[in-house]
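Participant: Quick one: sequence plus predicted model below, questions after.
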Amino acid sequence: MRNIESRYTTPVTDLALTVTLLLQGFNLESMDSSNPARVIFRFTTKDNILEVMASYWKSELSVEPKSFCNLQRELKARIRTEGGAW
């Protein structure tokens, strides 16, 4: 049986996908960095999040490059300094 958190959130481990989802307006609920080799980003599950994720993997999305780089840098800093607290 899946726990309640996993039913209402969508887990993502890819940093570039995480940044893209944030830039597309999705809400990041939490970050779990308990495993130092992999951070799990949990997004609020919305109807179209899986469609956007599929579009990402098919290279059908575009984002503003400067915003992407700045947000990626911010996420990396949060992972290092706050242990993934969001």
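Facilitator: Yep, it's here.

Participant: for the longest helix seen in the chain, which positions count as buried?
Facilitator: Ranked by residue count and defined by DSSP state H, the top helix of the chain is helix 65-82. Neighbour-count burial for helix 65-82, counted by 16 or more other CB atoms under 10 Å, picks out Phe68, Leu71, Gln72, Leu75, Arg78, Ile79. Where you see a C-beta, it was placed from the backbone N, CA and C, and this is true even at glycine.

Participant: can you put the residues you listed in TSV and add distance to Ser33 and pLDDT?
Facilitator: Conversion of the buried residues of helix 65-82 to TSV gives the following (distance: CB to CB, whole Å; pLDDT from 0 to 100):
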residue	distance to Ser33	pLDDT
Phe68	21	98
Leu71	17	97
Gln72	16	97
Leu75	11	92
Arg78	9	87
Ile79	6	85
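
Participant: any idea which of the residues you listed is closest to Thr9?
Facilitator: Comparing these against Thr9 with CB to CB picks out Leu75 as the nearest, at 16.9 Å.

Participant: Surely the closest one touches Ala16?
Facilitator: No: the pair Leu75 and Ala16 does not pass the contact test of CB atoms under 8 Å, sitting 10.3 Å apart.
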